[in-house]
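Novice: sharing a model that was predicted from the sequence below.
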Amino acid sequence: MHGEQKIRVLLFCLSLAVFLVGLPVILCFALGYKFDPRSLKFTKTGLIFVKTQPLGASVYLGEKLLDEKTPLTINELLPGKYHVRVVLKNHYPWAAEINVEKGKVTRFDKIILFPVLSSVKQISQGRSASFWLSEKKDTVYYIDQSDNCVYRTDLQGESSVEVSCLPQNLEPPVKWSLSPDKQKLVLFDRYKIALINLDAEGDTSGRYRPFVLNLPGSDSNNIIDVFWHSDSYHLVIVSVSDIAVMEARPNSSVLKLASLNKTDTCAYYNLSSDTLYFSDAQAAGDGNFYENIYKLDLNTKLFLFRDLIKLRQTGYEPKDKKSP
Amino acid sequence: MSPKIKRVLEIIPGAASWGTIFFLILLAAIKPVACAILIIVFDFYWIIRTIYLSTLLFLAYHKLFDYKNRDWLSACGKLKPDKDWEKIYHLVLFPVYKEGPQILGASLECLRQSRYPKEKMIVVVSFEERNPGSNQNASELERRFKDKFFGYISAFHPDGIPGEQRTKGANATWAAKTAKQFLEKSGIALDDVIVSCFDADTCVDQDYFSCLTYHFMTSPNPHRASYQPIPVYNNNIWQAPSFARVVEISGSFCQMIESMRLEKFVTFSSHSMSFKSLVEIDYWPVDMVSDDSLIYWKAYIFFKGDYRVVPLYITVSMDVAYSNNLLKTVVLQYKQKRRWAWGVENFPYVVEKFMEERDIGVLKKIRRAFHLLESHITWAVWAIIVVLIGPLPLLLGGKIFNQMAIGYNLPRITGMLFNFTLITSLALVILSRAILPPRPKEVSWTKNIVMILEWIIVPVVIVILGSTPALDAQTRLMLNKPMGFNPTEKNEKKVV
């Protein structure tokens, strides 16, 4: 036999030996079996898979720190309960009591390690009450409670400028609400509604002039809630005596849609369907008043169509215009 | 043998391959754990096999390197006086179909540049009479090479000889018979003639015939052996597209590996043998496609198992089959590989002859038949199992399987296989560089980078041009749809 053939036979025998020895080991590993040298028996084990966001966290199994960082697999665990703790510097730790079953993998692959808030940075000045982001997500608007003014700043808080201050005759606002297009801000107290038009060009200093919408009989007709219509142009006003709509512009008139009999009406406005849900006591067929929940569809029963709005804004008639 | 048994033998390879594939798919859906275990066993077997075969490849390369640095003609000259190498004549047959003077001229030019004495060489270029351009091609080649060798014959194989199919084997047989007449007329003993049957694009190494002569003279019982060089596809390798190059280099590697496994080694493509033995066994089969391997089996059975293949670690270079557009090249390569895989027709032939032959030991017959069957089944299914069926238990096994330890470990183990394949590919890349011819001046140096990066496509190539053509060939044999001999179109832009 030639030298090469001898080497070949040797290689073949070696390969066969590695296959015969290695295969049971690999299959035991694949099936989760572990050889227990004390009992000289194979025991079926389970495993835990831990994956974190961010990666590279240390894992403690009980008190023992494991060598590998996340993502990692803890193999050959005898069935039972294990305490697993995941730690990462400057992040809150994660811990759980995990029940390991034989032949099964317990996956924890959606662990988020939240950062400790050591890097919190203040980006507004004064006493910020509320804030929102501009449509382009590059500007933060916030209301400063101390002076009732709206400020604008970049996302780093490095260029904070006053946008507009609320009218002086406005009581501390009950609530404020941003229009769906994030271009207008409406605030109201019990008697008045103030509006800041953020899409206006502003005065020479770049400030946006606020204006107050006048409600007829506002002294006695307390405002309960104000909602934006989805067109960002109309406001739906719920007061103790009625439900009304008005355009969000100076000197607009009020259109009364329904009278309310209950002074503590609750209301919810579904912006996606422009539907107002409210509680009230309306007269039934028997002449009695029963408290119920009502629904008022503002998308079809009023002349508040988007097409009409577009017509006003652009001056052309939409092709698919439908008659109201 | 009854036609029914022959049909059964024809069905066995295809049925076994398709059976393996369908069984594993079904198992993945019904018993994913059992399927996963089988896949892990197969994957592990494949890793071990890859290590083993890669080592053989490196050993073969070492021999190739060693042979290249030897002066074989001087070695012949130093043979003992009783071994008169100078009486040996080399008969070189080129059975051709449509190949023209451009391709054949380059191959004959390689012969002319051989270091072996040309007065001991006889060349027969055998054209197909049915090809209208044959006469013109023959005349042009005769004008260039007629007086360059001891003998140069242009033969014309008539079409439609009873019992023949339109195969290369039929043309080669015609060429050999024509040469026999010439040898007898010239008074040359058939014992002293070594016949080499080459593809039209075969370009031999300058030392090929010296090396062949040396091995013929020094081998025990040299007439009971075929002599198989290492086929490489260097003629146009720098011009060929990446995937075609990867396929052909892989083919050369397979042949190098096979050359180390002597008990399984059979002839492939261009090879040489004793002319006397060729006449004794009645030449090549004239009605079968895979004549290159069948000639070995014919001799093995005729000489009752006393026949072997002697590896020659010296190269014969051929063309990479490619066309001017990618799709055509894929089709060309696919058809060529399918023709190679049609070698599966050897299985029914060999088993049929083994059943009739009583003088070969039963165990020997079983072992050889099993090797033949196993190699074709493995060829057809291994890439499909590794690449396509491997992930199936995870896809079809459902949530419960995915929660099991084996469901979790299966992708890790198959991933390990893939990583290992990458490491092996890296070794192949290095080796592929070593067997490449020098870069032609007109080819940009950036091609060097492409030739390294192209090995990334191996997993795709092995499925498309590895398993699929083999499965196709086996299916055709199984369904009794014989494949005619479709010669691979040679690229005319040949670079020697």
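Specialist: Perfect, I can see it now.
Novice: and stretch A:94-106, is it in reach of chain B?
Specialist: Yes - using CB under 8 Å from any CB of the partner chain, stretch A:94-106 comes into contact with chain B via A:Gly103, A:Lys104, A:Val105. C-beta: built from backbone N, CA, C; applies to glycine.
Novice: skip the chain neighbours and tell me the closest residue to whatever residue of the stretch 51-200 of chain B ends up closest to chain A.
Specialist: Relative to chain A, the nearest point of the stretch 51-200 of chain B is B:Tyr52 (4.4 Å; CB to the nearest CB). Distances taken as CB to CB, 6 or more residues apart in numbering or on different chains place A:Ser15 nearest to B:Tyr52, at 4.4 Å, with adjacent residues excluded.
Novice: next secondary structure element downstream of the host helix or strand of the one you found?
Specialist: Per DSSP states H and E, A:Ser15 falls inside helix A:3-31. Scanning forward in sequence from helix A:3-31 by DSSP H and E, the next helix or strand is strand A:33-36.
Novice: so which elements touch that next one?
Specialist: With contacts taken as 3 or more CB pairs under 8 Å, 6 or more residues apart in numbering or on different chains; DSSP states H and E, strand A:33-36 sits against strand A:41-44.
Novice: for the helix or strand just after the strand it packs on, enumerate the helices and strands it packs against.
Specialist: Next helix or strand after strand A:41-44 toward the C-terminus (DSSP H and E): strand A:46-53. If you count contacts as 3+ CB pairs under 8 Å, 6+ apart, strand A:46-53 packs onto strand A:72-77, strand A:80-87, strand A:94-100, strand A:105-112, helix B:405-434.
Novice: partner strands of the first one, with direction?
Specialist: Based on DSSP bridges, the strands next to strand A:72-77 in the sheet, each with its direction, are strand A:46-53 (antiparallel).
Novice: could you list every residue that touches B:Arg358?
Specialist: If a contact means CB atoms under 8 Å, 6 or more residues apart in numbering or on different chains, then B:Arg358 has no contacts.
Novice: helix/strand/coil for it?
Specialist: Assigned state for B:Arg358: coil (three-state reduction, DSSP: H, G, I helix; E, B strand; the rest coil).
Novice: now do A:Thr70 against B:Asn409, distance only.
Specialist: Computed as CB to CB, to the nearest Å, the A:Thr70 to B:Asn409 distance reads 18 Å.
Novice: other SSEs contacting the helix holding A:Ser15?
Specialist: The contact analysis (3+ CB pairs under 8 Å, 6+ apart) places helix A:3-31 against helix B:32-68, helix B:405-434.
Novice: among those, show me which one is buried the most.
Specialist: helix B:32-68 (a mean of 19; mean count of other CB atoms under 10 Å in any protein chain shown).
Novice: quick one: list the elements packing against that helix.
Specialist: Contacts defined by 3+ CB pairs under 8 Å, 6+ apart place helix B:32-68 against helix A:3-31, helix B:3-30, helix B:242-258, strand B:308-317, helix B:392-396, helix B:398-402, helix B:405-434.
Novice: can you dump the C-alpha atoms of the helix or strand following that helix in PDB for me?
Specialist: Going down the chain from helix B:32-68, the next helix or strand is helix B:72-77, by DSSP H and E. The C-alpha coordinates for helix B:72-77 follow below in PDB (Å, rounded to 0.1, in the frame of the first residue of the first chain):
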ATOM      1  CA  TRP B  72       9.200  12.300 -16.500                       C
ATOM      2  CA  LEU B  73      11.000  11.800 -19.800                       C
ATOM      3  CA  SER B  74      14.300  11.500 -18.000                       C
ATOM      4  CA  ALA B  75      12.600   9.200 -15.500                       C
ATOM      5  CA  CYS B  76      11.500   7.000 -18.500                       C
ATOM      6  CA  GLY B  77      15.100   7.100 -19.700                       C
END
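Novice: what lies in contact with helix B:72-77?
Specialist: By CB under 8 Å, 6+ apart, the residues outside helix B:72-77 that reach it are B:Trp85, B:Arg115, B:Tyr116, B:Asp207, B:Ser210, B:Cys211, B:Thr213, B:Tyr214, B:Met217.
Novice: for the chain, which residues score under the pLDDT cut-off?
Specialist: Assuming you mean chain A. Residues of chain A meeting the criterion pLDDT under 70: A:1-2, A:118-120, A:129, A:135, A:172-173, A:199-208, A:217-220, A:300-324.
Novice: right idea, wrong chain: chain B
Specialist: In chain B, residues with pLDDT under 70: B:1, B:484-496.
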